[in-house]
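Asks: Structure for the following, please:
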Amino acid sequence: MIYSPNSAIDAQLLTQSRELVHKALKLLRNSDHLVSGLRLRDELSREIPRGEGDRSDMTPDLRLTAN
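Replies: All right, here's what the predicted structure looks like:
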């Protein structure tokens, strides 16, 4: 916080700071639709152990067999 020798200016700065914090919190509350997909992705990545989602070990056996 910035303080000045003038109490009127201090009061104005405090009011403006509160308004900025109020607006920032409102924006944060309203941004849920923007980040909900990212949260879901993060939750899913924590649930699936690393490498388990990798399908490289699931390649079919392509060796030719003699008939």
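Asks: Okay, now the unreliable bits of this protein?
Replies: Scanning the chain with the threshold set as pLDDT under 70 gives 1-4, 49-67.
Asks: what ranges do the helices span in this structure?
Replies: With DSSP state H as the definition, the chain shows helices at residue ranges 7-29, 32-47.
Asks: Compile the ones you listed into JSON lines and extend it with columns for mean neighbour count.
Replies: Every residue, glycine included, has its C-beta placed from N, CA and C. As requested, the helices of the chain are exported to JSON lines (neighbours: other Cβ atoms under 10 Å):
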{"stretch": "helix 7-29", "mean neighbour count": "11"}
{"stretch": "helix 32-47", "mean neighbour count": "9"}
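Asks: CA atoms of stretch 29-49 as PDB?
Replies: Provided in PDB are the C-alpha atoms of stretch 29-49 (Å, rounded to 0.1, in the frame of the first residue of the first chain):
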ATOM      1  CA  ARG A  29     -15.400 -15.600 -10.000                       C
ATOM      2  CA  ASN A  30     -16.800 -15.100 -13.500                       C
ATOM      3  CA  SER A  31     -13.900 -16.900 -15.200                       C
ATOM      4  CA  ASP A  32     -14.800 -20.400 -14.100                       C
ATOM      5  CA  HIS A  33     -16.200 -21.300 -17.500                       C
ATOM      6  CA  LEU A  34     -12.800 -20.500 -19.000                       C
ATOM      7  CA  VAL A  35     -10.700 -22.700 -16.600                       C
ATOM      8  CA  SER A  36     -13.100 -25.600 -15.900                       C
ATOM      9  CA  GLY A  37     -11.700 -27.500 -18.900                       C
ATOM     10  CA  LEU A  38      -8.200 -27.000 -17.700                       C
ATOM     11  CA  ARG A  39      -9.100 -28.200 -14.200                       C
ATOM     12  CA  LEU A  40     -10.700 -31.300 -15.600                       C
ATOM     13  CA  ARG A  41      -7.600 -32.000 -17.700                       C
ATOM     14  CA  ASP A  42      -5.400 -31.600 -14.600                       C
ATOM     15  CA  GLU A  43      -7.600 -33.900 -12.500                       C
ATOM     16  CA  LEU A  44      -7.500 -36.600 -15.200                       C
ATOM     17  CA  SER A  45      -3.800 -36.300 -15.600                       C
ATOM     18  CA  ARG A  46      -3.400 -36.900 -11.900                       C
ATOM     19  CA  GLU A  47      -5.700 -40.000 -12.000                       C
ATOM     20  CA  ILE A  48      -3.900 -41.700 -14.900                       C
ATOM     21  CA  PRO A  49      -0.400 -42.700 -14.000                       C
END
